[in-house]
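Novice: What would the 3D arrangement of this be:
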Amino acid sequence: MKTNVPTSVRALITAASVGLLLSSPVQSDDYDFIQVNAVQAEYAAHPMFTFRGVELRASKGWRNFFTELRYRDLTDDSQGLDMEEKRWNASLGYAIPISERTRVDVRANFGDVELTLSKSQRTLQQSSDYSGVSTFIHHAVSARVDLFAGLEYQSWDKDFDQKAYHLGSNYRFDRLTLGAEYTKYSDSDAINLVLRYSF
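Specialist: Residues are numbered from 1 along each chain as shown. Presented below is the predicted three-dimensional model:
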């Protein structure tokens, strides 16, 4: 695992510290939810596969702090080969209100990615832990519609970095929310269709 802290990470930590001193509480239901995503993902290193599956998310907020857990399981088969991706992620974050309609959050992330390639009785498996940071900006276009964008950095334990951007939107029906999110990583991308229940 790398020990040097990138400049971008230090900047995010500084921003969170300033926000902690200056911000007021956000609405708790923004970070109190359970969510199911239908996911399609592709990897540049495995162009013959188009992974599809489900991602589960759960989040709990307290004042401006929140924690989020994610788990996804994607599979595909091509030319007699089966491939599966399993990924989990845990985040601890802090939300900073900018205005009545806009907020920014910063997150410390920890997770693991596991890829398994199998054919008949043969199996090849690769996995890597990672840690990193991300920041998102959320803007409410109306009482029901919000847009968001984010940047993410991951440091993997195999001396490999990942950078990503996120784009998405949500439409709220009281406690139910429908949405879509696109994520582009250094070597992969994913489309998520979102169903969320806020509590």
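Novice: next one: the strand or helix carrying Val104 to chain centre, how far?
Specialist: Using DSSP states H and E, Val104 maps to strand 102-119. With C-alpha atoms, centre = their mean, to the nearest Å as the basis, strand 102-119 stands 6 Å off its chain's centre.
Novice: helices and strands around that strand, which ones?
Specialist: If you count contacts as 3 or more C-beta pairs under 8 Å, 6 or more residues apart in numbering; DSSP states H and E, strand 102-119 packs onto helix 7-22, strand 65-78, strand 81-97, strand 122-140, strand 145-156. To be clear about C-beta, it is placed using only N, CA and C from the backbone, and glycine gets the same treatment.
Novice: With just CA atoms, put the third one into CSV.
Specialist: The C-alpha coordinates for strand 81-97 follow below in CSV (Å, rounded to 0.1, in the frame of the first residue of the first chain):
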residue,chain,number,x,y,z
LEU,A,81,-15.5,-18.4,-20.4
ASP,A,82,-17.4,-17.2,-17.3
MET,A,83,-16.3,-14.0,-15.6
GLU,A,84,-17.5,-12.5,-12.3
GLU,A,85,-16.7,-9.3,-10.6
LYS,A,86,-17.4,-8.8,-6.8
ARG,A,87,-16.8,-5.5,-5.2
TRP,A,88,-17.5,-4.1,-1.8
ASN,A,89,-16.9,-0.5,-0.5
ALA,A,90,-17.3,1.3,2.8
SER,A,91,-17.4,5.1,3.0
LEU,A,92,-17.3,7.6,5.8
GLY,A,93,-18.4,11.0,4.7
TYR,A,94,-19.2,14.6,5.7
ALA,A,95,-21.7,16.8,3.9
ILE,A,96,-21.3,20.6,3.5
PRO,A,97,-24.3,22.7,2.6
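Novice: Adjacent strands (with direction) for it?
Specialist: Take DSSP bridges as the rule and strand 81-97 pairs in its sheet with strand 65-78 (antiparallel), strand 102-119 (antiparallel).
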